[in-house]
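# what would the 3D arrangement of this be:
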Amino acid sequence: MSSSSNHKSPSQDNSDPSTVAGSARDAGEESQASQEADLGADDYQKELEELRSEAIEHKDRYLRQLAELDNMRKRHDKERSDLRKFGAESLVKDILPVLDGFEKVEVGPQGSNEDDALRTGLILLKKNLFDVLAKHGLKAIDAENADFDPNFHQAIQRVEKDDLDHEIVLQVFAKGYLLNDRLIRPAMVSVGVPKDSSDS
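Model prediction:
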């Protein structure tokens, strides 16, 4: 047998250099692709966080604007309601002295039959006028013999009394009025106050 058959060619003993280089290149490309994939995932996560933050910011802004619109609507409704309730307040205040005049006629002394007929007519006219104003929210303050309340009563006279232990309205000089539960004029009253024990 020939000796050449016992020896392998160099190409069989050693790997092909081009194959080794190709394998190294492939490994390098895979490593780079893996790094790029990691960087891409980080960028995606960062972008996702930014989008989430922007979404939260837009939601907060929307909710604030919605609250502002709701507050604006409530203010508008209140202003419209107040205008409806109190738009005629100045006119009603101007009419109160007329009611005061009718009150004086009602409590005044009786005279002749002719005077009494006129008085009765004026009292009826006063009642009709007050009924009209009451439909628009006018209400008289019932102050006679009531506990003195500075929120509704204006004391123009103070009288000391031995039999009192707190301040009380003794006399009403001019009625007070509310318009839709808002005070437009306090009652002008005389107030009875407990007598100071130090004076005795």
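
# may I ask which helix or strand of the protein has the lowest mean pLDDT?
Using mean pLDDT, DSSP states H and E, the weakest-scoring helix or strand in the chain turns out to be helix 10-13, at a mean of 46.

# was I right about N145 contacting Q171?
No. Applying C-beta atoms under 8 Å as the test, N145 and Q171 come out as separate, 9.5 Å apart. From N, CA and C alone the C-beta is placed, and that goes for glycine too.

# looking at the two, which one has more neighbours?
Ranked by neighbour count (other C-beta atoms under 10 Å), N145 and Q171 place Q171 first, with 15 against 11.

# which of the helices or strands spans the closest residue to that one other than its chain neighbours?
Closest residue to Q171 apart from its sequence neighbours, by C-beta to C-beta, 6 or more residues apart in numbering: S190 at 4.2 Å. For S190, the host element (DSSP states H and E) is strand 187-194.

# which ones are touching F173?
By C-beta atoms under 8 Å, 6 or more residues apart in numbering, F173 lies in contact with I156, M188, V189, S190.

# so what pLDDT did it get?
F173 carries a pLDDT score of 93 in this model.

# got it, and H136?
H136 carries a pLDDT score of 89 in this model.

# repeat that for S2.
45.

# chain center to the host helix or strand of I184, what's the gap?
Assigned by DSSP H and E, I184 belongs to strand 182-185. Centroid separation between strand 182-185 and its chain, computed with C-alpha atoms, centre = their mean, to the nearest Å, is 23 Å.

# that strand - what's its average pLDDT?
So the average pLDDT for strand 182-185 ends up being 94.

# again, but for stretch 99-106
pLDDT averaged over stretch 99-106 gives 86.

# buried stuff in it?
L99, F102, E103 (16 or more other C-beta atoms under 10 Å).

# just to revisit the earlier point, what does the strand holding I184 contact?
Contacts for strand 182-185 (C-beta under 8 Å, 6+ apart): K85, F86, E89, V92, K93, L96, N151, F152, A174, G176, Y177, L178.

# and the buried residues of stretch 99-106 as TSV, adding distance to L66 and secondary structure?
Output for these, formatted as TSV (distance: C-beta to C-beta, whole Å; DSSP: H, G, I helix; E, B strand; the rest coil):
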residue	distance to L66	secondary structure
L99	48	helix
F102	53	helix
E103	53	helix
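
# from these, which is closest to L133?
The shortest approach to L133 among the buried residues of stretch 99-106 belongs to L99, at 8.1 Å (C-beta to C-beta).

# can you give me the distance of the closest one to H58?
60 Å (C-beta to C-beta, to the nearest Å).

# cool, G101 as well?
Taking C-beta to C-beta, one finds G101 at 66 Å from H58.

# residues near L129, how many?
L129 is flanked by 15 other residues according to other C-beta under 10 Å.

# and the spatially closest residue to I168 that is not a sequence neighbour, what does it touch?
Spatial nearest neighbour of I168, excluding adjacent residues (C-beta to C-beta, 6+ apart): G192 at 5.0 Å. Residues in contact with G192 (C-beta under 8 Å, 6+ apart) are R158, V159, E160, K161, L164, E167, I168, V169, L170.
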